[in-house]
Every structure is written in C-alpha cells, then in structure tokens.
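[1] My questions concern the predicted model and sequence given below.
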Amino acid sequence: MGHDEGVAATEQEQQREPAAASRRRSPARTVAAWGAAALLTGATAVTAFRVADADGPTPVPQLLAFLPWLLVPAGLGLLCALAARRPVLVAWGAGLAALLTWYTVPPGDDRPVEGSPVAGLRVLTANVQFGRAVGAVVETVRRERPDLVFVQECDPACLETLTSAVAGTHPYVRAVEGEGPAGSVIVSRLPLAPADPVPAEMGQPGAVAEVDGHRMRLQLAHPAPPTPGRLGAWREELEGLRRWARAHGPAGDAGAAGEDTPVILAGDFNASRDHAAFRRLLDDGGLADAAALAGAARTASWPVTGRPVPGVQIDHVLVSADFTARDARFLAMEGSDHRALLVTLTLHR
C-alpha cells in the first residue's frame, strides 16, 4: 500500500468512528423517539376531535374538558423529539403545541353592544356539592349582595337554610326540589315570575325577572356530567339547553319573532368551551360567556380539592347580546369542590 492509499484509509477510518459512536448512542435516541411518538399520538387523538368540532366517545369528552393541559404531553413529546433528533417528530410536536396554544388562548369574546346602559346587576352561580357549602353561599350573598343567585345541588335542607337566611334581602325564590344533587334554586332580590324548568335529571328551574322595568328570562343550568356511561344524558341535556336558548335567545326563534327579551343562563354546565356541545349552545342561542367577556375565559372553577390538580372552567354565566360583563370573580367556597362565579352585568338598550 502506498503512502497516499494509507492516508486515504486512515481518513475513511476516522469518518467511520463518529458513525459507530452514533450507532452506540442510538438506543437512547430510539427510546426518546418512541416516547415522543406515544405522547404526541395521545395528545393528537384528543385534539383531532376539537379540530373536527366533535366530542367523541369516552374518554374523549372527559379529556377535552382539560384540553389546555394537553400542552404538557405535547411539550414533553416535543422535547423527546428534539432529544431523538427526529425532524418529523419535531415538526409534529411543534405544530401540535402551536395548535393547542391557539385553542387555549382563543380570540377575545369582546363584542360591540349598541344602545346605552339601562340597568346593572350582579349574578352569582354556585354548586354547593350536596348542600355542604350552603353556609359559604349565605356568607357570600350577605357580603357581596348579588341581585340573582343560581344554586345547584341544593337538597331540601340546603333550600330551607338558604331561603330563610337571605329572606330579608332575597325574598323571591324559584326552585326544583330534589335530594342530593337533584335540587336547584334561584333566589333573587328582584321579583320573579314563574317559567317552565328545562327537563333534566337534576333540577333546572326557570324564571322571568324584571330589573328597572326591563323584563329578562332566567334559566339555571345543571346537565348531567359526562362520566362514562352517562354521555347520552349529558349530550341530551346540553341539547335541551341549546333548544331553550334557541327558543328564547335573540339569535334564535325569539329573535326571529321580534321578541327582545334579554337572557341569562347560569349554573354548572359540566362542560367547557372545548366541548362542541357547549359551543353549539353558545352559537345557536346567540349567547356569550360572561367570564370571557370580563377577561377570565380560562379561570378554573373545578375541581377544588386543596391539592395542585389541573382545573377547568365548567361553571358559567351565559348572557345574550344585550349585556356587557366585567369583574368576573371565582370565589372559593368551603365545603364544595367548585368555585362560585360572581360577575357584574350591564344591560343595554
């Protein structure tokens, strides 16, 4: 072998050494690649239903409620893809993270409202978890003095305690009585006329109120939770609320008939803005989420466990286009796994 041939062989051997070292490192990169693929596949499968505007079968609706938290596996998947040095996986992870971020920080729900302000009122909604937090609600009503109070999971003992404790300031009551989570009540400082409740497994009373001479429709919401085995009831009862909003909201049949009655639909919806059924309720009824109008679209209302667990917003005050909203506050209530929502509304004409 000549000198030049020996040099060439040495150079080829030096080039093979990095390749061999790379092959020795490949098991770790392979594990990282498989980890990235697993994390991204799971997060993508749920996100695909959000893109398709569908809620899907169990466990998709349950996971859609926590859609913003899918940024965690998406981010971990992206890091694993970077460690594996797999460009396709990196692009996948970056795209998924960007899409989830876009959904998590949606366009603002601010909207122009024509007409001057004619009335203001404060609305409180609270799930008292089988009546356990009724004392906290009574304290909140006395301290904050809301005009309208929507209370879910208020059993007969809770109903008696609440109505007697606030009778001096909120003497008007519309209730659907029931044991455990089935009871619900609207208490008000404003006169309430009767209205048919929206049928559901748990109580959903309705009423007609008048504030400063302006009539408005009120409806409490408490559809079934989307637990395994109850997805059918959850869909049907959200659909019932959508039909109610369609019948009474300004974007639905009431608006088409020339009626102009403002609407407030409040309670524990067991649904977030990432559920297609909830978005259809908003769109078909011409309703907006008051917390989103007030800049609190992603503030969590459940679960409140005392431990650092992911939370979502499933308690809402929905309003028709006659209203603007400000000062949305989510208040902890001792005894309940929900936060109450207190929001200030302004009615325009």
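    Structure's in. What do you need?
[2] State the number of residues packed around Glu201.
    16 (other CB atoms under 10 Å). (Glycine included, C-beta is placed from N, CA and C.)
[3] pretty sure it contacts Ala182?
    Yes. Between Glu201 and Ala182 a contact is recorded at 7.1 Å, counting by CB atoms under 8 Å.
[4] would you say Met151 is within a helix?
    Quick fix: residue 151 is Val, not Met. No. Read with DSSP: H, G, I helix; E, B strand; the rest coil, Val151 is strand and lies in no helix.
[5] for the chain, what spans make up the helices?
    Ranges of helices in the chain, per DSSP state H, are 3-51, 60-64, 71-84, 87-104, 134-144, 156-165, 231-248, 253-256, 276-285, 290-293.
[6] Check the ones you listed for me: which has the lowest mean pLDDT.
    Across the helices of the chain, the stretch with the lowest average pLDDT is helix 253-256; it has a mean of 56.
[7] And Met202, how close does it get to Arg142?
    26 Å (CB to CB, to the nearest Å).
[8] Neighbour count for these two, which is higher?
    Ranked by neighbour count (other CB under 10 Å), Met202 and Arg142 place Met202 first, with 24 against 13.
[9] So that one versus Asp289, what's the distance?
    For Met202, the distance to Asp289 - CB to CB - is 21 Å.
[10] Repeat that for Ala328.
    Distance, Ala328 to Asp289, by CB to CB: 9 Å.
[11] who touches the spatially most central residue of the chain in this structure?
    Nearest to the mean C-alpha position of the chain, by CA atoms, centre = their mean, lies Ser272 at 2.3 Å. Counting by CB atoms under 8 Å, 6 or more residues apart in numbering, Ser272 touches 64-65, 67, 278, 312-314.
[12] can you tell me which of those residues lies nearest to Ala297?
    Gln313 (7.5 Å; CB to CB).
[13] can you count the residues close to that closest one?
    25.
[14] Am I right that it is in contact with Ala290?
    No. With contact defined as CB under 8 Å, Gln313 does not count as touching Ala290 (11.5 Å).
[15] Enumerate every residue touching the residue lying closest to Asp155 once chain neighbours are set aside.
    Sequence neighbours aside, Gly131 is the residue nearest to Asp155 in space, at 4.6 Å (criterion: CB to CB, 6 or more residues apart in numbering). Going by CB under 8 Å, 6+ apart, Gly131 touches 153-155, 157-158, 161, 183.
[16] what do you get for Arg145?
    Contacts of Arg145 by CB under 8 Å, 6+ apart are 122, 169, 189.
[17] which parts of stretch 311-329 are buried?
    311-325, 328-329 (16 or more other CB atoms under 10 Å).
[18] per the record, what domains does the chain have?
    Domain ranges of the chain: 3-104, 117-348, per automatic domain parsing.
[19] Out of the ones you listed, which one sits most buried?
    domain 117-348 (a mean of 20; mean count of other CB atoms under 10 Å).
[20] can you redo the contacts of Gly131 as TSV with distance to Thr58?
    Converted to TSV, those look like this (distance: CB to CB, whole Å):
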residue	distance to Thr58
Glu153	23
Cys154	29
Asp155	29
Ala157	34
Cys158	31
Thr161	37
Gly183	28
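[21] so Glu114 sits right up against His348, yeah?
    Yes. Taking CB under 8 Å as the definition, Glu114 is a contact partner of His348 at 7.1 Å.
[22] still on that earlier bit, between the helices of the chain, which one is closest to Ser301.
    Taking the helices of the chain one by one with CB to CB, helix 290-293 is closest: 8.7 Å.
[23] contacting residues around that closest one?
    Residues contacting helix 290-293 (CB under 8 Å, 6+ apart): 108-111, 123, 273, 297, 299, 313, 316-319, 323-326, 328, 330, 341, 343, 345.
[24] residues contacting the nearest residue to Cys80 once chain neighbours are set aside?
    Computed as CB to CB, 6+ apart, the closest residue to Cys80 that is not its neighbour in sequence is Ala36, at 3.7 Å. By CB under 8 Å, 6+ apart, the contact list for Ala36 reads 77-78, 80-81, 84, 86, 89, 93.
[25] same check, this time on Asn127
    151-153, 222, 267-268, 302, 315, 336-338, 340.
[26] Equivalent analysis for Gly267, please.
    Gly267 touches 125, 127, 150, 152, 184, 204, 220-222, 315-316, counting by CB under 8 Å, 6+ apart.
[27] Quickly note the distance from it to Leu76.
    Per CB to CB, Gly267 is found 36 Å from Leu76.
[28] could the contacts of Asn127 be laid out in JSON lines, adding distance to Leu282 and pLDDT?
    Shown next, in JSON lines, are these (distance: CB to CB, whole Å; pLDDT from 0 to 100):
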{"residue": "Val151", "distance to Leu282": "23", "pLDDT": "98"}
{"residue": "Gln152", "distance to Leu282": "20", "pLDDT": "98"}
{"residue": "Glu153", "distance to Leu282": "24", "pLDDT": "98"}
{"residue": "His222", "distance to Leu282": "17", "pLDDT": "98"}
{"residue": "Gly267", "distance to Leu282": "14", "pLDDT": "98"}
{"residue": "Asp268", "distance to Leu282": "16", "pLDDT": "98"}
{"residue": "Trp302", "distance to Leu282": "19", "pLDDT": "96"}
{"residue": "Asp315", "distance to Leu282": "15", "pLDDT": "98"}
{"residue": "Ser336", "distance to Leu282": "25", "pLDDT": "97"}
{"residue": "Asp337", "distance to Leu282": "25", "pLDDT": "96"}
{"residue": "His338", "distance to Leu282": "21", "pLDDT": "97"}
{"residue": "Ala340", "distance to Leu282": "21", "pLDDT": "98"}
